[in-house]
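Student: When you get a sec, could you give me coordinates for this:
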Amino acid sequence: MSILHAKIRNGVLVLLTVLVVSGCSTAPILEGSEPEEPFFPAERILSPDINYAAQINDPWEGFNRRVYNFNYKFDKYIFLPAVHVYQLITPDFVETGIHNFMNNYRSITTLINSILQLSPSKTVDTTGRFVVNTTIGLLGFLDPATAMGIPAHQEDMGQTLGYWGVGSGPFLMLPILGPSSVRDGIGTGVDWFVLTEIRDAVVELETWQWMLWGTLDALDTRAHIGFRYYETGSPFEYELVRWLWTTKRKIDIAK
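Tutor: Alright, predicted model coming up:
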């Protein structure tokens, strides 16, 4: 019996010890009124001028995601290999000259849209760059305007429409061209049409020549875009690209 009593006594002591320790670990009882719960309305945390992912107008998300996946496969298996071959067989100075020429050619739309946006500084800068590079720079294959410190701008019809208050409309993923919107997609088409009309009015190209022109334009453009599909490290790359592009376009129009 003494052994049984000793075991019971030890068990009671252990139970009392646990109760004392747990009682000491509880929070002390506060006297007086309870403090108010902290309250942070969304307006104090979220900036009203930022496009958050959930706020972006993307009613065609299913279609856009399918186009995004198509662009990934086209980019990986066709476009980037073609760019790699182009860079491999083209001497660096020739590749640089083509890039300068294409930039000078594309600056025509920047000039037109700068005028439409009533921006004297951009109009003067772009005119100066185009004249200098077209003459001294041998039709734009050289870029003396940059060495002379003349600023370069990039303006397009989408920015012009936004400048005059036209809304962007729904987000739109364009085949091969990538992220856009209804407004900017229309603007891209207008810019392309204007450039093509001006080019055809200045020079007469045969079918193989304008095909070569378009191919070089596309390869040069892709060669100078660092983005690679599904290499951002984000499991939500589509949402990330959509947000980044939408935010960038908003900044482009604001400037």
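
Student: Which of the helices or strands spans the closest residue to Trp213 other than its chain neighbours?
Tutor: Of all residues not flanking Trp213 in the chain, Leu205 sits nearest, at 6.7 Å (CB to CB, 6 or more residues apart in numbering). C-betas here are computed from N, CA, C, even on glycine. Assigned by DSSP states H and E, Leu205 belongs to neither a helix nor a strand.

Student: do Asn57 as well
Tutor: Per DSSP H and E: nothing holds Asn57, as it lies in no helix or strand.

Student: Would you mind stating the distance between it and Pro175?
Tutor: In this view, Asn57 and Pro175 are 20 Å apart by CB to CB, to the nearest Å.

Student: what residues go with each domain of the chain?
Tutor: Per automatic domain parsing, the domain ranges recorded for the chain read 57-89+163-255, 90-155.

Student: what stretches of the chain score poorly on pLDDT?
Tutor: By pLDDT under 70, the low-scoring segments of the chain are 1-54.

Student: what about the helices in it?
Tutor: 2-25, 42-45, 61-74, 80-89, 92-116, 120-135, 144-147, 157-163, 182-202, 207-223, 237-254 (DSSP state H).

Student: out of these, which comes closest to Tyr229?
Tutor: helix 61-74 (3.9 Å; CB to CB).

Student: Output stretch 115-123 in CSV with nothing but the alpha carbons.
Tutor: Extracted in CSV, the C-alpha atoms of stretch 115-123 (Å, rounded to 0.1, in the frame of the first residue of the first chain):
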residue,chain,number,x,y,z
ILE,A,115,2.6,66.2,-83.1
LEU,A,116,-0.9,64.7,-82.4
GLN,A,117,-0.1,64.8,-78.6
LEU,A,118,0.7,68.6,-78.9
SER,A,119,4.2,68.0,-77.5
PRO,A,120,6.7,70.5,-78.9
SER,A,121,9.7,69.2,-77.1
LYS,A,122,9.2,65.6,-78.3
THR,A,123,8.4,66.8,-81.8
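
Student: Okay, buried residues for it please.
Tutor: Using 16 or more other CB atoms under 10 Å as the test for burial, stretch 115-123 gives Ile115, Leu116, Gln117, Ser119, Lys122, Thr123.

Student: what residues does it touch?
Tutor: With contact meaning CB atoms under 8 Å, 6 or more residues apart in numbering, stretch 115-123 is reached by Thr110, Leu111, Ser114, His153, Glu155, Gln159, Thr160, Tyr163.

Student: okay, Asn57 and Pro175: which has more neighbours?
Tutor: Neighbours per residue (other CB atoms under 10 Å) separate Asn57 from Pro175, with Asn57 holding more: 14 against 10.

Student: got the phi/psi numbers for Ile150?
Tutor: phi -80, psi 120 (degrees, to the nearest 10).

Student: okay, now it: neighbour count?
Tutor: Residues near Ile150, counting by other CB under 10 Å, number 19.

Student: thinking it is in contact with Phe130, fair?
Tutor: No. Contact criterion CB atoms under 8 Å: Ile150 and Phe130 do not qualify, at 9.8 Å.

Student: List the contacts of the closest residue to Ile198 other than its chain neighbours.
Tutor: Distances taken as CB to CB, 6+ apart place Ile108 nearest to Ile198, at 6.1 Å, with adjacent residues excluded. By CB under 8 Å, 6+ apart, Ile108 lies in contact with Phe130, Val194, Leu195, Ile198.

Student: how close does the nearest residue to the first one once chain neighbours are set aside get to Gly128?
Tutor: Of all residues beyond its chain neighbours, the one nearest Phe130 is Ser107 (5.4 Å), with distances taken as CB to CB, 6+ apart. Distance of Ser107 to Gly128, computed by CB to CB: 11 Å.

Student: Between these two, which has more neighbouring residues?
Tutor: A direct count of neighbours by other CB under 10 Å for Ser107 and Gly128 places Ser107 higher, at 24 against 14.

Student: Tell me who's in contact with that one.
Tutor: Applying CB under 8 Å, 6+ apart, we find Ser107 in contact with Thr126, Arg129, Phe130, Ala152.
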